[in-house]
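Enquirer: using only what follows, build the 3D model:
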Amino acid sequence: MTLVVSVNGVPHAVSADADPAMPLLWWLRDHAGLTGTKFGCGMGVCGACTVQLDGVPVRSCQVPLAEVGRRRVRTIEGLSADGAHPVQRAWRELRVPQCGWCQSGQMMTCEALLRAHPHPTRAQAHAALAGHVCRCGTYARIEQAVQRAAELAGGGAGPKEGA
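Expert: Numbering: from 1, shown residues only. Sure, this is the predicted structure:
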């Protein structure tokens, strides 16, 4: 039986000879051709490889292909092809990326946060993104972009304080 993985709403057949222990990250990049998800540390610490499984952010370097099964995978390419998603727009408006390596993982976490909390506080944004490492240090702009994405999505009226 052939495994079919749904990525960004598109079914992808997994080769019968694919190693079931292969991290989802490598399957996405090397077999599905979706290179927006980045390799960072390979240990699930930095967050660069974050994608969503059934809407929940996960470190794709730590998820074996065998564990994906029928779960829906969403990558940065699945937010919007034309860059119109509120998270993508906010990141551009605030010029968040410098090198950009960590940004796809940050954005996938932000999108999940906004679905769970359309009006996130700064504390919620900080907590959601705490496990992501940005080697360029754009943390303040990242947290501002979360608030701006909420505004663009109609969920927020601007930065909020507290928890």
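
Enquirer: skipping adjacent residues, who's closest to the one residue sitting closest to the centre of the chain in space?
Expert: In the chain, the residue lying closest to the centroid (Cα atoms, centre = their mean) is Met108, at 2.2 Å. Nearest residue to Met108, sequence neighbours excluded (Cβ to Cβ, 6 or more residues apart in numbering): Thr50, at 4.9 Å. C-beta: built from backbone N, CA, C; applies to glycine.

Enquirer: and what of Arg115?
Expert: Sequence neighbours aside, Gly55 is the residue nearest to Arg115 in space, at 6.8 Å (criterion: Cβ to Cβ, 6+ apart).

Enquirer: Pro86: neighbouring residues, count only.
Expert: Applying other Cβ atoms under 10 Å, we find 21 residues neighbouring Pro86.

Enquirer: helix or strand: which one has the residue nearest to the centre of the chain?
Expert: Using DSSP states H and E, Met108 sits within helix 103-116.

Enquirer: if we can go back for a sec, gap between the residue nearest to the centre of the chain and Val56?
Expert: Per Cβ to Cβ, to the nearest Å, Met108 is found 10 Å from Val56.

Enquirer: check contacts around the residue nearest to Met108.
Expert: By Cβ atoms under 8 Å, 6 or more residues apart in numbering, the contact set of Thr50 is Thr37, Pro57, Val58, Arg59, Ser60, Ser104, Gly105, Gln106, Met108, Thr109, His132.

Enquirer: quick revisit: these two touch, right, the residue nearest to the centre of the chain and Cys49?
Expert: No. Counting by Cβ atoms under 8 Å, Met108 sits too far from Cys49 to count as a contact (9.6 Å).

Enquirer: remind me which residues of the chain are low pLDDT?
Expert: For the chain, applying pLDDT under 70 flags the ranges 1, 155-163.

Enquirer: hey, where'd the strands end up in it?
Expert: Here the chain has its strands, by DSSP state E, at 4-7, 10-13, 50-53, 56-59, 72-74.

Enquirer: now do the shortest one: distance to the chain's middle.
Expert: A distance of 10 Å separates the centroid of the chain from that of strand 72-74, by Cα atoms, centre = their mean, to the nearest Å.

Enquirer: helices or strands up against it?
Expert: Judged by 3 or more Cβ pairs under 8 Å, 6 or more residues apart in numbering; DSSP states H and E, strand 72-74 is in contact with strand 4-7, strand 50-53.

Enquirer: pick the most buried one from those strands.
Expert: Highest mean neighbour count of these: strand 50-53, a mean of 24 (counted as mean count of other Cβ atoms under 10 Å).
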